[in-house]
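**Q** Task: produce atomic coordinates for the following.
(one chain, ligands or ions: 1)
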Amino acid sequence: MQAVDDPMPLTLADVTIRLAERTLLFVSATVMPGEVLTIMGPSGSGKSTLLAFAGGFLDPAFRASGRVLIGNRDLTDVPANERRAGILFQDPLLFPHLSVGGNIVFAIPQAVKGHKMRRQIAEQALEQVGLAGFFDRDPETLSGGQKARVALQRTLVSAPRYLLLDEPFSKLDAALRQQTRALVFSKAKAAGVPIILVTHDGADAEAAGGRVIEVGSEAGA
Ligand SMILES: Nc1ncnc2c1ncn2[C@@H]1O[C@H](COP(=O)(O)OP(=O)(O)OP(=O)(O)O)[C@@H](O)[C@H]1O
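**A** Okay, the predicted model is just below:
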């Protein structure tokens, strides 16, 4: 797994997200490497939009004020190829035209040279989540839980500076959810980078084991 050589805190400094004239949410917090900050709130309260802003790709339909800082650097001053926000969505979004292993190889930073080395990293990443021997499989032949594990490893091999988790367990059934949740949090924390989790589910927040921020209602924060 790619280690991040310079893990830094992630700060959401007075971040306000607006849609038309409506304020959706306000958050101000610093997340330390290895820490999970959970954002909870009702549907439509702007949680996914907050993650998009934190990742540097806010939809132009929204207006945001406040800043996102990696360490002391404003995200907008960090070149796009150095931001490296690792994102996991509800849907694993595996590339259908690549094999399972190809999905992971694709995410390995270009600085890691050599076909053999890249393949070896991907094989190890699969092995770590119980998917040894799955390298050449078509992603469509995997179960939901297996896809979620591949998506996790694809994100982690990319050497992210921080992780943004947008309800990554919500499509899994209860038993699988519990198992996948434990795996994601242990591996994400081991990556030693700041983690922001968005969820509706109190059990996710409990398993994450960090601070929880409740954001506003649909009527506006
Ligand atoms: N591209 C867009 N243009 C206009 N409005 C949008 C756009 N994307 C989302 N919205 C609206 O912005 C609000 C916030 O959406 P967002 O997806 O951030 O909420 P959320 O809290 O993540 O919701 P959920 O928990 O249901 O995923 C919602 O009212 C949504 O309908």
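**Q** For the protein, give me the ranges with low pLDDT.
**A** The model of the chain has pLDDT under 70 over residues 1-5, 217-221.
**Q** tell me which element residue 147 falls in.
**A** Using DSSP states H and E, residue 147 sits in helix 144-157.
**Q** who's in contact with that helix?
**A** Outside helix 144-157, the residues that touch it by CB atoms under 8 Å, 6 or more residues apart in numbering are 1-2, 86-88, 92-94, 100, 103-104, 106-108, 121-122, 125-126, 128-131, 134, 139, 142, 163, 168-169, 171-173, 176, 179-180, 183-184, 187-188, 191. The C-beta positions use only the backbone N, C-alpha and C, and glycine is treated the same way.
**Q** List buried residues within these.
**A** Buried residues within these, counting neighbours by 16 or more other CB atoms under 10 Å: 2, 86-88, 92, 94, 100, 103-104, 107-108, 121-122, 125-126, 128-129, 131, 134, 139, 142, 163, 168-169, 171-172, 176, 180, 183-184, 187-188, 191.
**Q** Could you tell me how far stretch 204-214 lies from the centre of the chain?
**A** 15 Å (CA atoms, centre = their mean, to the nearest Å).
**Q** End to end on that stretch, go ahead and measure it.
**A** 14 Å (CA to CA, to the nearest Å).
**Q** in that stretch, what's buried?
**A** Within stretch 204-214, the residues scored as buried using 16+ other CB under 10 Å are 204, 205, 207, 208, 210, 212, 213.
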